[in-house]
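Undergrad: Whatever this is, show me its structure:
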Amino acid sequence: MEVACVLIPDSALADPVEAGEQTERLLRRLERIGAAVESERAGEAFFSLDGLRGLYGGESAGVLAAARRAAEIEVRIGVAPTRFAAHAAAQRETIVPPPAAADFLAALPVSTLVGRLELPPREAGSLVETMRRLGIETLGTLGAIPADLVADRFGPPGLEALRLARGEQEPLRPRHPHEELAEEVELPEGAAGGQLEHALRLLVARLLAAPQRKGRTLLGLRLGAVLSGGGSWSVDQGLGRPTASARTLRAVLMPRLETLPGPVAALRLRALGLGPQVGDQLELSVRGEEHRRRRLAEAIREVRAAQGAGSLLTIVPLDSASRFPERRAMLTPSPDR
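TA: Below is the predicted model:
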């Protein structure tokens, strides 16, 4: 098996929230070329070349060229038999064929392990520094030490390092791709308070009315913001049970606005996962209103079926004190419920 690693340069990952957004965009673009992508850290993506060569000329070079075009940003790409070796190859922008993998890994310094072990950075750095003091300068030297001796001196972290040094690693665990469901609204400079609440209502309405939702419930949300003073902010919100209720989504997200670190230039909302079709869903309401809302939802679906998805709109107030009429309210597609 040959594994490709695609890396976003560190210079583009300074803002951790924006780094997450950049990574998500990269993953979706790679999935569009047919790649089954794994990513557990911001700024990196792994996928197997097996099964893709036939789509791009029968050669690995064709797949890599397609991946570079799909990324739409500057990236570094490397190929090797395991994700660890592929990550090291991407740092050098090289392709390591399987017969050369052992020699490639053997020549790498043990410092390559920092950041790739399942350890906090400080503990990984301490482990590598201890190895260097004992004369273990390269992965080749580490790989030649018997496993029982490594376990006695370094414990489980040492055994994990030994497996990486020897090119032993479990297969990729690609994520399950789903259609992107995200909305963003720009706000007047320094927006806060009621303007943010109106913007959140608009985002929830747009998210629920998006065609790609296809009537499915939501499993989790990520509320984010571009801050007026620079930088960004985000928070993930679980829902407990799948829901597509606008009232429920607003109820769980509104308190999050109070944790914003400053004035906001834009507000974002992204679905983190889609659940089953709308049915038995979490609903914050009094029992007496349920029948009326269900009849209204049924009427909305009938109108849409007859007149089209964009036939019903909702007026969402934005800034009632604005001097500009177009900023006072906005029309947005009406959600099913």
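Undergrad: lowest-confidence helix or strand of the chain?
TA: In the chain, the helix or strand scored least confidently by mean pLDDT, DSSP states H and E is helix 325-328, which has a mean of 62.
Undergrad: tell me the secondary structure for the residue lying closest to residue 233 once chain neighbours are set aside?
TA: Distances taken as C-beta to C-beta, 6 or more residues apart in numbering put residue 225 closest to residue 233, at 4.9 Å, once the chain neighbours are dropped. Yep, even glycine has a C-beta here, placed from its N, CA and C like the rest. Under DSSP: H, G, I helix; E, B strand; the rest coil, residue 225 falls in the strand class.
Undergrad: Tell me the pLDDT of residue 225.
TA: At residue 225, the pLDDT value in this model is 90.
Undergrad: Equivalent analysis for residue 310, please.
TA: Note for residue 310: predicted pLDDT of 64.
Undergrad: now swap in residue 252 and tell me
TA: For residue 252, the predicted pLDDT is 91.
Undergrad: Report the spatially closest residue to it, excluding sequence-adjacent ones.
TA: Nearest one to residue 252, counting by C-beta to C-beta, 6+ apart, is residue 237 at 5.8 Å.
Undergrad: ok so that neighbour is a helix residue?
TA: No. The assignment for residue 237, made by three-state DSSP, is strand rather than a helix.
Undergrad: Which stretches in the stretch 1-150 of the chain count as helices?
TA: Shown for the stretch 1-150 of the chain, the helices assigned by DSSP state H, counting those that start in this stretch span residues 16-32, 60-71, 83-92, 101-106, 121-133, 139-143, 147-165.
Undergrad: let me fix that: the stretch 151-300 of the chain
TA: Listed in chain order, the helices of the stretch 151-300 of the chain (DSSP H, counting those that start in this stretch) span 194-209, 246-257, 287-307.
Undergrad: For these, which has the smallest mean pLDDT value?
TA: Lowest mean pLDDT within these: helix 287-307, at a mean of 65.
Undergrad: returning to what we had before: wait, which of the helices of the stretch 1-150 of the chain is closest to residue 260?
TA: With C-beta to C-beta, the closest approach to residue 260 among the helices of the stretch 1-150 of the chain belongs to helix 16-32: 12.3 Å.
Undergrad: is the residue nearest to residue 252 in a bridge, and if so with what?
TA: residue 221 (DSSP bridges).
Undergrad: which residues touch it?
TA: By C-beta atoms under 8 Å, 6 or more residues apart in numbering, residue 237 lies in contact with 220-223, 252-253, 256.
Undergrad: for the residues you listed, which one is nearest residue 79?
TA: Distance to residue 79, by C-beta to C-beta, is smallest for residue 222 among these, at 31.6 Å.
Undergrad: Now do stretch 77-85: distance from first to last residue.
TA: For stretch 77-85, the first-to-last residue distance is 12 Å (C-alpha to C-alpha, to the nearest Å).
Undergrad: Going by neighbour count, which residues in it are buried?
TA: For stretch 77-85, burial by neighbour count (16 or more other C-beta atoms under 10 Å) applies to 77-85.
Undergrad: now do stretch 95-111
TA: 95-96, 101-102, 104-106, 108, 110-111.
Undergrad: What is the neighbour count of residue 269?
TA: A count of nearby residues for residue 269, using other C-beta atoms under 10 Å, gives 23.
Undergrad: my guess is it contacts residue 223, does it?
TA: Yes. Between residue 269 and residue 223 there is a contact under C-beta atoms under 8 Å: 5.8 Å.
Undergrad: shared neighbours of the two, which are they?
TA: With contacts taken as C-beta under 8 Å, 6+ apart, residue 269 and residue 223 have 200, 253 as neighbours in common.
Undergrad: Show the contacting residues for residue 115.
TA: 121, 124.
Undergrad: any idea how far it lies from residue 91?
TA: Distance, residue 115 to residue 91, by C-beta to C-beta, to the nearest Å: 11 Å.
Undergrad: do the same with residue 52
TA: Taken as C-beta to C-beta, the span from residue 52 to residue 91 is 22 Å.
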